[in-house]
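> just coords:
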């Protein structure tokens, strides 16, 4: 009985593992993180206020529901400050992504230049050693 279950489980696990490997892209941990939307900028401050007013409530879902309700009740004028902050963070993100992509595109060339200079340094050191022997 043990063997039958483990074999069936391993077959299913293998199938799942193969599907996940094919569908997922590998994320670069050095890539800048996407900026938060206006709602999430609002939630940064709202969480602090909610915790102060409701210290007994520990659930994330309750806090999210209360934040969502408050966000929907706000007028566009009230939301404007959060939208402006989100737009500013988006601009900063765009600059960071351009710098990151430029670094990625130029990274291969920089490595090849570096390897060339290292080879040249080794040649120069070798020629100095030969001169010392004479």
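Nice, thanks for sending it over. Every value quoted in this text rests on a predicted model; they were computed, and no experiment measured them.
> what about residue 66, helix or strand, and which?
Assigned by DSSP states H and E, residue 66 belongs to helix 60-73.
> I'd like to know which elements that helix is packed against.
Where contact means 3 or more C-beta pairs under 8 Å, 6 or more residues apart in numbering; DSSP states H and E, helix 60-73 is packed against helix 38-53. (Glycine included, C-beta is placed from N, CA and C.)
> In the helix it packs on, which residues are buried?
Of the residues in helix 38-53, those buried by neighbour count under the rule 16 or more other C-beta atoms under 10 Å are 38-39, 41-43, 46, 50.
> returning to that earlier point: avg pLDDT for the helix holding residue 66?
pLDDT averaged over helix 60-73 equals 94, rounded to a whole number.
> who touches it?
Counting by C-beta atoms under 8 Å, 6 or more residues apart in numbering, the neighbours of helix 60-73 from elsewhere in the structure are 39, 42-43, 46-47, 50-51, 57, 79.
> So what's the residue count around residue 91?
10 (other C-beta atoms under 10 Å).
> got a pLDDT number for it?
Checking the pLDDT column for residue 91, the value is 97.
> go on, the one 3 residues further on?
The predicted structure scores residue 94 at 96 on the pLDDT scale.
> For the chain, which helix or strand comes out least confident on mean pLDDT?
With mean pLDDT, DSSP states H and E as the measure, the helix or strand of the chain carrying the lowest mean pLDDT is helix 2-23 (a mean of 54).
> Tell me how far the spatially closest residue to residue 44 that is not a sequence neighbour lies from residue 29.
Spatial nearest neighbour of residue 44, excluding adjacent residues (C-beta to C-beta, 6 or more residues apart in numbering): residue 36 at 7.6 Å. Here the distance between residue 36 and residue 29 works out to 19 Å (C-beta to C-beta, to the nearest Å).
> coming back round to it: buried stuff in the helix holding residue 66?
Of the residues in helix 60-73, those buried by neighbour count under the rule 16+ other C-beta under 10 Å are 63, 66-67, 71.
> swap in stretch 76-83?
Going through stretch 76-83 with 16+ other C-beta under 10 Å, the ones that come out buried are 79, 82.
> Give me the contact list for it.
For stretch 76-83, the surrounding residues in contact (C-beta under 8 Å, 6+ apart) are 38-39, 41-42, 71.
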